[in-house]
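**Student:** predicted structure and sequence below. I'll ask about it afterward.
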Amino acid sequence: MTQRYYEDVNIGDETEPLERVPTTDMAIDFFGRDNPTNPAFSDIDAGKRLGVGGALVPGLLKLSWLTQYVSDWAGPAAAVRNLRAAYRRPDVADRPLTMAGHVVDKRIEDGRPIIELEVVTLADGQPSTRANVQVELPTRG
Amino acid sequence: MSVPEQSLITDEHRAQVGKKSDPATVVINEEDARRMRDVLGDTDPRYADGTGIAPPYVVAGMGGGPRRGMPQVLPGGLLTQQEWKFTRPFRIGEELQAVSQVYDIRDRLGGRYGYSVLVTQGTDYYDANGEHVASAMITITQFDPKSQRKGDE
C-alpha cells in the first residue's frame, strides 16, 4: 500500500480501476448469516419481484468496497472522512463491477488537508453507484 | 397501485420528522469486523487482528442504525442515497450510543413506479464521553412493487 501526500495529488488524477464480482454468499456473509437481511440479497425471485432482474447486490456492500478502494489508494496514514453515494441503478449478483475514480477537489478544510474524489461502480460500463469521498491525507511538511 | 390522488404521507408520518430516538447501545464487535474484512478481501494492516481498530465500513452492519423506526408508507423499498461521516476510527470493543432521527419525508411522482415516497433518516454514534464518532444517513425510496412500469421487470 503506497502512501499518498496532499502536495503530490492533483485535480484530475485518476485511480486505477479495480474489478470485483459480488455474489449472493458475499451479501449474506457480509452482514452475518444469523442477521436478518433483505431476502432479495440471496433470492433471485425476490430480486425479480423488486424489478432488479436477479439477486440484488446490497448498496452497503458496494459502499464498503468503495471505502476500501479509496482508503487503499490514499495509503495507511490517510483517513476517509466522508462518503456520499447515490445508487443510480440496482446491481445484480455475479455480474462484475468495476470501481474507478478521479480527484475532483483538494483543499484545506478546518486546517485539515482534504482530497475529494468522485468514484463509481461500473456495471457493463455504466455507473450504477456514484459517490463523492473526502479523504484526509498527510502532508510532507 | 396507480398514482394516488393525494399524498399517502400522513400527518402522523410528518410528525416523526426531527424527533430523536432514545439512544441504542451498539458494540464494535471484533468478529463482525473480521467477517466484513474477509468478505471484502481487505488486508489493510491498520485493521488486522490485534490492532484494536475496526475498519470504517463496520458502520454498515451496526444495529441501531438508520432504518430503526423508519416510517413505512409503502411496502417496497430500495436504498437510493447514503452518506457516512467518520470523526475518528472505531475501536474494537467500545460501546457507542446510536441516536436516530427522520430528516425528511416526501412524495415523488414519475420514475419506474409512478409514485414513490423518499424517506431520509440518519443516525449519529457517540462514545462514552459523548464525543461524536460517526454518522450514517440513508434515503430509502419506498414504492409499491405492483405499480412497476411494464418492461422494467
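**Tutor:** Nice, I can see it. Numbers count the residues shown, from 1 in each chain, chains lettered A, B, ... in the order given.
**Student:** in chain B, what spans have low per-residue confidence?
**Tutor:** Residue ranges of chain B with pLDDT under 70: B:1-2, B:63-67, B:149-153.
**Student:** and residue A:91, what does it touch?
**Tutor:** Counting by C-beta atoms under 8 Å, 6 or more residues apart in numbering or on different chains, residue A:91 makes contact with A:22, A:52, A:56-57, A:62, A:97, A:121, A:123, A:128-129. In short, each C-beta sits where N, CA and C put it, glycine included.
**Student:** can you check residue B:93 too?
**Tutor:** Residue B:93 neighbours (C-beta under 8 Å, 6+ apart): B:27-28, B:30, B:52.
**Student:** now do residue A:80
**Tutor:** Applying C-beta under 8 Å, 6+ apart, the residues near residue A:80 are A:67, A:70-71, A:74, A:133-135, B:56, B:86.
**Student:** take the residues you listed and keep only those in strands.
**Tutor:** A:133-135, B:86 (DSSP state E).
**Student:** and of those, the nearest to residue B:121?
**Tutor:** Top of the list for closeness to residue B:121, among the ones in strands among the contacts of residue A:80 and by C-beta to C-beta, is residue B:86 at 18.7 Å.
**Student:** from residue B:7, how far off is that closest one?
**Tutor:** The gap separating residue B:86 from residue B:7 is 36 Å, by C-beta to C-beta, to the nearest Å.
**Student:** which of those two has more neighbours?
**Tutor:** When residue B:86 and residue B:7 are compared for neighbours, residue B:86 comes out ahead with 23 against 14, by other C-beta atoms under 10 Å in any protein chain shown.
**Student:** pretty sure that one contacts residue B:57?
**Tutor:** No. The pair residue B:86 / residue B:57 is not scored as a contact, 10.0 Å apart, by C-beta atoms under 8 Å.
**Student:** list residues touching both of the two?
**Tutor:** Among the neighbours of residue B:86, none is also in contact with residue B:57 (C-beta under 8 Å, 6+ apart).
**Student:** which parts of stretch A:96-116 are buried?
**Tutor:** A:97, A:99-101, A:103, A:106, A:113-116 (16 or more other C-beta atoms under 10 Å in any protein chain shown).
**Student:** show me which of those is closest to chain B.
**Tutor:** residue A:99 (11.7 Å; C-beta to the nearest C-beta).
**Student:** please, where are all the helices along chain B?
**Tutor:** All helices of chain B, identified by DSSP state H, fall at B:11-14, B:30-40.
**Student:** the longest helix belonging to chain A: what's the following helix or strand?
**Tutor:** Ranked by number of residues, the top helix in chain A under DSSP H is helix A:59-74. Note on helix A:59-74: by DSSP states H and E, the next helix or strand toward the C-terminus is strand A:79-87.
**Student:** quick one: name the residues of chain B near chain A.
**Tutor:** Chain B comes close to chain A at residues B:32, B:35-36, B:38-40, B:42, B:44-46, B:55-57, B:60-61, B:76, B:78-86, B:89, B:112, B:145, B:148, B:152-153, as judged by C-beta under 8 Å from any C-beta of the partner chain.
**Student:** now those: which count as buried?
**Tutor:** B:32, B:35-36, B:39-40, B:42, B:44, B:55-57, B:60-61, B:76, B:78-86, B:89, B:148.
**Student:** lowest average confidence, helix or strand, in chain A?
**Tutor:** Counting by mean pLDDT, DSSP states H and E, the weakest-scoring helix or strand in chain A turns out to be helix A:44-49, with a mean of 86.
**Student:** what is that helix packed up against?
**Tutor:** Helices and strands touching helix A:44-49, by 3 or more C-beta pairs under 8 Å, 6 or more residues apart in numbering or on different chains; DSSP states H and E: there are none.
**Student:** so how far is residue A:112 from residue B:40?
**Tutor:** 26 Å.
**Student:** likewise residue B:101?
**Tutor:** 27 Å.
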